[in-house]
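In: Here is a sequence with its predicted model. Questions after.
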Amino acid sequence: MLFRPRRASRLAWVTLALGLALGCRPAPRTPAAELARLPWDSVLARAKGTTVVWRMWRGDPSINAFVDQWVAPRVKERHGITLTAVEGQGPEIVNQLVVEREAGARGSADLVWINGETFGNLRREGLLDGPWAGSLPNARYVDSASPIIMRDFEQDLAGYESPWGQVQFALIYDSVRTPDPPRTVAALASWIQAHPGRFTHDQQFTGTTFLMTVFYALGGGVQNYQGGFDSLRYESGSARVFDWLERHKAAFWRKGETYPPGVAELHRLFANREVDFSMSYNQSEALTKARQGILPATARPLLLQDGTIANTHFVGIPFNAGETAGAMVVANFLLSPEAQLEKQKPEVWAD
């Protein structure tokens with residue numbers, strides 16, 4: 001005889017199966033804006049025992065050591081948070097979040113290191129959670145009167161990212177090899193022509209920032225580009241930069257036919273005396289890399305008199321972060337006087 005389950009038994013099995021399926025789903029996340037309205041003790045309580053995944057640029061051993069060996073142990077000891085840093089920057093972060101949004105997936109990161117174009121793209125796509133940054137207890141230490149801090153490449157932060165460092169672009173020269181370096185973009189152009197093969201820039205972010213410095217200098221200063229994006233001013237300014245490159249690239253390293261892919265490779269060319277300048281988006285890097293033996297002991301930073309680009313870097317919380325409270329606690333710790341002082345030490349990061 002065949003056994004036929006009674007209708008009630010079938011219903012029980014269906015109910016059990018649905019219960020198991022629903023039980024496998026992640027618990028609904030609490031938006032950052034909602035957490036920002038809670039007492040901070042409540043945020044700390046929710047953060048305890050969480051694992052926060054921080055997607056960030058991992059290209060500098062000094063920065064990696066600061067995060068992995070100094071920040072992570074302290075947020076673990078004080079707040080019970082396991083902090084895990086993973087590689088990811090710029091378009092990678094945007095693309096990953098777009099894919100996760102389309103899939104309806106829980107976020108693979110809880111905190112992201114961002115600024116500038118990446119911040120703008122994430123905001124336009126609705127991929128950041130917030131506002132939350134102004135609710136952090138350590139936000140009281142932020143200089144709210146500084147346009148460099150409170151605007152990210154002319155964009156209002158609106159509480160969607162929290163600052164954690166500030167840097168300024170600088171050329172790097174050897175005070176023995178080049179005791180009297182050029183101090184303006186015009187003087188640099190003359191120096192390049194007089195010393196063929198001894199100058200170049202990298203093809204990544206630092207090199208792009210150098211070209212932005214040239215852009216503003218040739219355009220009469222940054223004040224001529226304030227007040228929002230103007231396509232005509234941008235096109236004319238870009239044309240001047242391309243003309244500048246065309247006139248001088250034959251005197252670049254390898255006649256401007258190839259460029260070092262990144263700033264690490266440019267540092268090596270400088271250290272090996274193949275070129276006489278390197279560059280950095282951190283004015284203190286000449287000294288920190290000299291202390292580490294990567295650059296010559298006589299390496300020095302050079303801030304051009306035309307002005308160079310200063311930049312604040314931030315952390316944001318993705319719209320689908322699973323551990324929002326933990327991310328907020330980490331962001332708050334990064335703003336603490338203790339953490340800021342530590343990373344400003346030349347032997348640590350000098351940021």
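Out: In hand now; what should we look at?
In: from here on, contacts and neighbour counts on C-alpha atoms
Out: Will do.
In: can you count the residues close to residue 179?
Out: By other Cα atoms under 10 Å, the residues close to residue 179 number 9.
In: list the buried ones in stretch 274-282?
Out: Across stretch 274-282, burial judged by 16 or more other Cα atoms under 10 Å covers 275, 276, 277, 278, 279, 280, 281, 282.
In: actually stretch 300-307, not the one I typed
Out: Across stretch 300-307, burial judged by 16+ other Cα under 10 Å covers 300, 301, 302, 303, 304, 306, 307.
In: residues in contact with that stretch?
Out: For stretch 300-307, the surrounding residues in contact (Cα atoms under 8 Å, 6 or more residues apart in numbering) are 169-175, 183-185, 213, 217, 221, 283-287.
In: then that stretch to CSV, C-alphas only?
Out: The C-alpha trace of stretch 300-307 is given here as CSV (Å, rounded to 0.1, in the frame of the first residue of the first chain):
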residue,chain,number,x,y,z
ARG,A,300,62.8,66.4,-0.5
PRO,A,301,59.3,67.5,-1.3
LEU,A,302,58.7,70.5,-3.7
LEU,A,303,55.5,72.5,-3.6
LEU,A,304,55.2,74.5,-6.8
GLN,A,305,54.5,78.2,-6.3
ASP,A,306,51.6,78.1,-8.7
GLY,A,307,49.8,76.0,-6.1
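In: and the contacts of stretch 300-307, which of them are in helices?
Out: 185, 213, 217, 285, 286, 287 (DSSP state H).
In: So which of these wins on neighbours?
Out: Counting neighbours by other Cα under 10 Å, residue 286 comes out on top of the ones in helices among the contacts of stretch 300-307 with 28 neighbours.
In: need the contact list for that residue.
Out: Taking Cα under 8 Å, 6+ apart as the test, what residue 286 contacts is 172, 280, 295, 299, 300, 301.
In: In a markdown table: those, plus distance to residue 202.
Out: Shown next, in a markdown table, are the contacts of residue 286 (distance: Cα to Cα, whole Å):
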| residue | distance to residue 202 |
| --- | --- |
| 172 | 13 |
| 280 | 10 |
| 295 | 16 |
| 299 | 18 |
| 300 | 19 |
| 301 | 17 |
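In: of the residues you listed, closest to residue 201?
Out: residue 280 (10.2 Å; Cα to Cα).
In: Quick check: bridge partners of the closest one?
Out: Beta bridges link residue 280 to residue 170, judged by DSSP bridges.
In: Quick check: pLDDT value at it.
Out: Listed pLDDT for residue 280 reads 94.
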